[in-house]
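Novice: all I have is the shape, not the residue letters:
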């Protein structure tokens, strides 16, 4: 667990390094699937004061197992995502500017280029708003439920679409561990910024969208069984 | 008073750190309510040369009580805000880019997301222009009067709406002390940037605005009597 | 002259510090009116290699008087501005992003707020394009002539309007010395960025423009005979 | 070859310095025309870990000649550009934000100002999408073929137009060596950012485009036989 705390701490510290957070508006978690426990940032602690030992350990029902501080208020969302998306090992939530702008606009982010296609297969989905009942009962838990249901109802695979926009709120991203989750959050921010300006350019040709075979090619050359990007591991 | 001078100095130094000012276009003050005195930045002094002992002490009528330098030219605005908003302990004024853009556009900033709702209940209001008579008589004092009257006439609570746009001019923000005032000025800048792009994105769904129950939930989970964000104090 | 070289060198080094230049796309000069000589950056020398002794001394006819390097290719523009605007002591030219965007758009920058009014009385003017004959004969000299004629024909006072947009090219700014010229170039960039977004915001209220009496008040409280901004000198 | 490896390494390290890359989304190569060998960045290696000895040596057929790592996955594109554009000595590919936005928008970047005209004669062209067959056979090679054919079919001279947009993908730039290629990639990014905002400004006058004689003048004063910008070499 100490190893995992250290990694989750380091992944959290990447959020200010990549300019994804203002103040404490973000949190990263990572899970040990064998133990069924995940580690998450404490709530409201400034990044400049954060230490590895401040990380809080939570079980899959969302109960605190270890740690002296309150976990992130978004903990029930993380727990729900770990329960529903069996293959993910890390989750990140931020209010990063460009992804949040799309979330506030209530729109999916279309795949306009190969930067997007290299990491995300198809649109970045934007979920529905929560109902009044959902908000007033168990807000953070329901946020996770709305995300997971959106993926199930639309046949989306969380390994192919490693991020989502919580409507009127902001982005969540995930990956095989906390580090990859943050990596995907950075990709999302970059893709969101470029998609915004691709659409808003006068006389843009976005109606002639990215061809399906380019999406296939780019995602597969990085993530498919015959991926040839990078060095052999 | 030396303690307050030090805090107000440090709050002023956060303005360049958070990229809220160019040159000397900003100032922060903080008040000691028991003594009825507030401390403010001197006028036109570059941040890199500013020292805690340069801070100027002012009474609630706006008279200089202590200090060798001229106080900020916006001092009468700060004094008026302290007189009219009894619960605030710090005030900040800047020409930060995104908030100033909305002020120049003459528009309130609508609440498009939870980042906004976490700190500001409802729109960030944009006041009316000053009249010719107001500008030519006691410009900076009248600026404060227009702000305070706008809040009173519209039934706005300065604790729920900790910032305002002075039309064609720029933002003022406040809080329980100088540090929280600067915190709210940073929030405003972030919210203003994201609201601008939320509106200007083609096919944005902003007409389906942030539901009232989300505004309630987010403001209250951070600022209500049962707030559960952060660590217990 | 060594003192002036040092000041012009330092003013040049502020251009990268304020993010106004990419590569060598900028230059600052400063004049000694008694001697009738001005000092300017050498052409195409990277800022990280620039030294005070590299500065080139030029007379008001534009001839090199001292210095081992070629002066900036824009030297004849600077010389013309010094000849026509008798009261200015420093000139700066850059391709800074936001001012250049307005220059490329062929539009004056309207005064939308007090940030603008604090330094610039009325619009930042955008000059006409040079004719084919002007470009092919003495391009840089004609650039200065077009600027100065624009001011004369439109009754503009270079002390009240300390900057201009050379159409399809970029900004020039000036001031009482090289340092103030750079200061005004920074103001222009800030004002240009905010004016762009003031106009492009949906439902902006810019048609209800900055009242004339606010322009008067703000320019005069900083630059008029009874200016009360800053410390007594 | 060791000298070339060092230069190509340094040119690669300029990409993060000029904020042209996120993660490993970029690569630079440089060629030794006498030996018919070029040197390129290895695939997927983070810039902070990159060393001169990691550079990979490739022949003009695209075969690896020396090096322990896999070359950039874009190597066949570089090889094709070296085969077809006989005068170029360095090539760079990035996903830099503003150039990529134009590539995703499927539009040429028009010459709106002298910043553009100083380096690029006429539009920055945006190529057609690759066909399904091209993508599925030899994707990266075909990317180079589409670029080179676009230049040939449109009578474009790679020395006068030192960059291109691969549609839905991102920019390629080149120059007499790896360093000049990166220089041109920086210019392209700057020009792309300013052209976007030149077009999107309300009431922009871009229809009165940059006159032909200004394009001629600016390109030639920097790159023509009688160039007079900079110092004599």
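Specialist: Arrived safely. This structure is a prediction, so every number in the text was calculated from the model and none was measured.

Novice: name the helices or strands packed onto the least confident helix or strand in chain A by mean pLDDT?
Specialist: Every helix and strand of chain A was ranked by mean pLDDT, DSSP states H and E. The lowest is helix A:212-223, at a mean of 91. Helix A:212-223 is packed against helix A:114-117, helix D:132-153, with contacts defined by 3 or more Cβ pairs under 8 Å, 6 or more residues apart in numbering or on different chains; DSSP states H and E. In this view, the C-beta of every residue, glycine as well, is placed from N, C-alpha and C.

Novice: highest average neighbour count across these?
Specialist: Counting by mean count of other Cβ atoms under 10 Å in any protein chain shown, helix A:114-117 has the highest mean neighbour count of these, with a mean of 26.

Novice: near chain D, anything from that one?
Specialist: Yes - residues of helix A:114-117 contacting chain D under Cβ under 8 Å from any Cβ of the partner chain: A:114, A:115.

Novice: can you list contacts of that helix?
Specialist: Here helix A:114-117 makes contact (Cβ atoms under 8 Å, 6 or more residues apart in numbering or on different chains) with A:109, A:111, A:187, A:190-191, A:194-195, A:210, A:214-215, A:217-219, D:25, D:95, D:100, D:168-170.

Novice: looking at the residues you listed, which are in strands?
Specialist: Among those, the members found in strands (DSSP state E) are residue D:170.

Novice: just the buried members of the contacts of helix A:114-117?
Specialist: A:109, A:111, A:187, A:190-191, A:194-195, A:210, A:214-215, A:217-219, D:25, D:95, D:100, D:168-170 (16 or more other Cβ atoms under 10 Å in any protein chain shown).

Novice: pick out the residue closest to the middle of chain A.
Specialist: With distances taken as Cα atoms, centre = their mean, the residue of chain A nearest its centroid is residue A:173 (0.9 Å).

Novice: so which bits of chain A are right by chain B?
Specialist: So far as Cβ under 8 Å from any Cβ goes, chain A lies against chain B at A:22-25, A:42-45, A:69-70, A:73, A:95, A:97-98, A:100-107, A:129-130, A:132, A:135-136, A:139, A:168-170, A:196, A:199-200.

Novice: so which of those residues are in helices?
Specialist: Of the residues of chain A next to chain B, the ones assigned to helices by DSSP state H are A:97-98, A:100-105, A:132, A:135-136, A:139, A:196, A:199-200.

Novice: for the nearest residue to residue A:66 once chain neighbours are set aside, give the beta-bridge partners.
Specialist: Among residues not flanking residue A:66 along the chain, residue A:57 sits closest, at 3.9 Å (Cβ to Cβ, 6 or more residues apart in numbering or on different chains). Applying DSSP bridges to residue A:57 yields these beta-bridge partners: residue A:39, residue A:66.

Novice: and the gap between residue A:57 and chain B?
Specialist: Counting by Cβ to the nearest Cβ, to the nearest Å, the separation of residue A:57 from chain B is 17 Å.

Novice: does that residue touch residue A:65 like I think?
Specialist: Yes - counting by Cβ atoms under 8 Å, residue A:65 is a contact partner of residue A:57 at 4.6 Å.

Novice: can you list residues touching both of those two?
Specialist: By Cβ under 8 Å, 6+ apart, the residues touching both residue A:57 and residue A:65 are residue A:37.

Novice: who has more neighbours, the two?
Specialist: residue A:57 (20 against 14; other Cβ atoms under 10 Å in any protein chain shown).

Novice: do you know the pLDDT at the more buried one?
Specialist: We note a pLDDT of 98 for residue A:57 in this prediction.

Novice: which residues touch the closest residue in space to residue A:141 that isn't next to it in sequence?
Specialist: With sequence-adjacent residues excluded and distances taken as Cβ to Cβ, 6+ apart, residue A:141 is closest to residue A:76, at 4.0 Å. Going by Cβ under 8 Å, 6+ apart, residue A:76 touches A:62, A:138, A:140, A:141, A:143, A:144.

Novice: for chain A, list the residue farthest from the centre, please.
Specialist: Of all residues in chain A (Cα atoms, centre = their mean), residue A:203 lies farthest out, 32.2 Å.

Novice: what number of residues lie near residue A:211?
Specialist: 16.

Novice: can you pull the residues of chain A lying near chain D?
Specialist: A:112-115, A:183, A:186-187, A:190, A:193-195, A:197-198, A:200-206, A:208, A:210-211, A:213-214, A:217, A:221, A:228-232.

Novice: so where's chain A uncertain?
Specialist: Along chain A, the parts satisfying pLDDT under 70 run over A:233.

Novice: one more time with 80, if that's ok
Specialist: Scanning chain A for pLDDT under 80 picks out the ranges A:207-209, A:232-233.

Novice: and it, which residues reach chain C?
Specialist: Within reach of chain C by Cβ under 8 Å from any Cβ, chain A has no residues at all.

Novice: hmm, 10 Å instead?
Specialist: By Cβ under 10 Å from any Cβ of the partner chain, the part of chain A that sits against chain C consists of residue A:200.

Novice: does residue A:51 touch residue A:45 like I think?
Specialist: Yes - if you go by Cβ atoms under 10 Å, residue A:51 and residue A:45 touch, sitting 9.0 Å apart.

Novice: those two: who's more crowded?
Specialist: residue A:45 (19 against 10).

Novice: quick check: that one vs chain D, distance?
Specialist: Computed as Cβ to the nearest Cβ, the residue A:45 to chain D distance reads 27 Å.

Novice: so who does that residue touch?
Specialist: Each residue near residue A:45 by Cβ atoms under 10 Å, 6 or more residues apart in numbering or on different chains is listed here: A:12, A:24, A:27, A:51, A:54, A:69, A:70, A:72, B:230, B:231.

Novice: if we go to 7 Å?
Specialist: Residue A:45 sits next to A:24, A:54 when contact means Cβ atoms under 7 Å, 6 or more residues apart in numbering or on different chains.

Novice: same thing with the one 5 residues further on?
Specialist: For residue A:50, the contact set (Cβ under 7 Å, 6+ apart) comprises A:9, A:12, A:13.

Novice: repeat that for residue A:166.
Specialist: Residue A:166 sits next to A:103, A:127, A:143, A:147, A:172 when contact means Cβ under 7 Å, 6+ apart.

Novice: how close does the second one sit to chain C?
Specialist: Distance check for residue A:127 against chain C: by Cβ to the nearest Cβ, it reads 25 Å.

Novice: the one helix or strand residue A:29 maps to - contacts with which helices or strands?
Specialist: Under the criterion of DSSP states H and E, residue A:29 resides in strand A:26-32. Packing partners of strand A:26-32 (3 or more Cβ pairs under 7 Å, 6 or more residues apart in numbering or on different chains; DSSP states H and E): helix A:2-17, strand A:37-40, strand A:90-94, helix A:178-200.

Novice: from these, which stretch is densest packed?
Specialist: It is strand A:90-94: most buried of these by mean count of other Cβ under 10 Å, with a mean of 28.

Novice: so residue A:62 sits against residue A:78, correct?
Specialist: No - between residue A:62 and residue A:78 there is no contact under Cβ atoms under 7 Å: 8.5 Å.

Novice: in the sheet, who's paired with the residue nearest to the centre of chain A?
Specialist: Applying DSSP bridges, one finds that residue A:173 bridges with residue A:92, residue A:163.

Novice: quick one: it and residue A:183 touch, right?
Specialist: No - using Cβ under 7 Å, residue A:173 makes no contact with residue A:183, being 8.5 Å away.

Novice: whatever residue of chain A ends up closest to chain C: what's it in contact with?
Specialist: Chain A approaches chain C most closely through residue A:200 (9.3 Å), counting by Cβ to the nearest Cβ. Residue A:200 is in contact with B:200, B:201, B:202, D:200, counting by Cβ under 7 Å, 6+ apart.

Novice: farthest-separated two in these?
Specialist: The largest separation in these, counting by Cβ to Cβ, is between B:201 and D:200 at 12.6 Å.
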